[in-house]
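Participant: sequence and predicted structure, then a few things I'm wondering about:
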Amino acid sequence: MSIIRYCIALLGLCASCAASAAMVHQSVTWSDAGTTFHGVLVYDDAAAGKRPGLLMVPNWYGVNDAAVKKAEGIAGRDYVILVADLYGEKLRPRNDDEAAAAVKPFYADRALMRRRVNLALAQLKGQVRDAPIDSARIAAIGFCFGGSAVLDLARSGADVAAVVAFHGALDTDDPALARRIKARVLAINGANDSWTMPAAGKFMDEMRASPADWQFVVLGHAVHCFTEVDQHKPGCMYDARAAARSDRLMRDWLRGAFDGTP
């Protein structure tokens, strides 16, 4: 075989390998008190080496195709993400009314929220043997309801480097829990978010009394749901500029937390 034909064949083989690489969607199942949960582990199998693991708690619709697609966009070649199921595999809201009913027990019983999100975190950490996760670099991110959940994860004293909450509820059932926080806490909310911003003052008081390295970022003109591409209702609306800014803030925050830098 001539050198030219050999090179062409080698290039074809490389192209074939590149084409076969894809985002992995791996089912992760666990149980608690008779309820079975089904999450999805998402990562790029073409990226070499271990990378940080992120627990991602989605909005009040829970684990669905949109949540997995969002996880793909965030993971890229940078992270391994577990899309967390806090409801149980039999509960998959199909509309806002069903979603509102699904989250109601969690806001009424924040201990339940903390237990479920910590259980999901344990599943992510349990994947380090089978997925390219760097066990020394673990964090959590959440959107809307999920933002509330990861803030409660931090309040529980969970051993994670950071949590990032996007347009999540800022209130808590027990401000004293903030004294347990070990993670770096970043909360990002829209300035015009009428659902979450009324609690902003108390949230900052809570963080001031905590040992946490924390930051509260308010994005001008943004309302609730600013990262949710399918939301276009008054008061709950996707905002491409706010979404892009919050993504950059998240990545910088996580990088600093993992590297131990400001």
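Facilitator: Alright, I've got the coordinates.

Participant: and Gly49, how far from Arg155?
Facilitator: Going from Gly49 to Arg155 by CB to CB, to the nearest Å gives 33 Å. Backbone N, C-alpha and C define where each C-beta goes, glycine included.

Participant: more neighbours: the two, which one.
Facilitator: Arg155 (27 against 7; other CB atoms under 10 Å).

Participant: residue contacts, that one?
Facilitator: Arg114, Thr172, Asp174, Leu177, Ala178, Arg180, Ile181 (CB atoms under 8 Å, 6 or more residues apart in numbering).

Participant: right, and the helix or strand after the helix or strand the first one falls within?
Facilitator: Arg114 is part of helix 110-125, with elements assigned from DSSP states H and E. Stepping forward along the backbone from helix 110-125, the first helix or strand reached (DSSP H and E) is strand 133-143.

Participant: immediately after the lowest-mean-pLDDT helix or strand in the chain, which helix or strand?
Facilitator: Lowest mean confidence among the helices and strands of the chain (mean pLDDT, DSSP states H and E): helix 3-20, at a mean of 42. Sequence-wise, the next helix or strand downstream of helix 3-20 (DSSP H and E) is strand 23-32.

Participant: other SSEs contacting the next helix or strand after that following strand?
Facilitator: Under the assignment DSSP H and E, the closest C-terminal helix or strand after strand 23-32 is strand 35-44. In terms of contacts (3 or more CB pairs under 8 Å, 6 or more residues apart in numbering; DSSP states H and E), strand 35-44 is packed against strand 23-32, helix 65-75, strand 80-83, helix 110-125.

Participant: what angle do strand 35-44 and helix 65-75 make?
Facilitator: Calculated by axes from the mean of the first three to the mean of the last three CA atoms, to 10 degrees, strand 35-44 forms an angle of 40 degrees with helix 65-75.

Participant: ok but Trp253 is inside a helix, no?
Facilitator: Yes: Trp253: assigned to a helix according to DSSP: H, G, I helix; E, B strand; the rest coil.

Participant: excluding covalently adjacent residues, which one is nearest to it?
Facilitator: Among residues not flanking Trp253 along the chain, Leu186 sits closest, at 4.5 Å (CB to CB, 6 or more residues apart in numbering).

Participant: distance of the nearest residue to Val128 once chain neighbours are set aside relative to Ala100?
Facilitator: Distances taken as CB to CB, 6+ apart place Ser135 nearest to Val128, at 4.6 Å, with adjacent residues excluded. Remark: distance between Ser135 and Ala100 (CB to CB) = 37 Å.

Participant: quick one: low-confidence parts of the stretch 1-150 of the chain?
Facilitator: Residue ranges of the stretch 1-150 of the chain with pLDDT under 70: 1-21.

Participant: hey, where'd the helices end up in the stretch 101-250 of the chain?
Facilitator: Along the stretch 101-250 of the chain, counting by DSSP state H, counting those that start in this stretch, helices occupy 110-125, 145-155, 200-208, 240-259.

Participant: which of those helices sits most buried?
Facilitator: helix 145-155 (a mean of 28; mean count of other CB atoms under 10 Å).

Participant: and Asn59, how far is that from Gly201?
Facilitator: Separation of Asn59 from Gly201 (CB to CB): 24 Å.

Participant: meant to ask about Trp60, not that
Facilitator: Between Trp60 and Gly201 the computed distance is 24 Å (CB to CB).

Participant: right, I'll leave it there.
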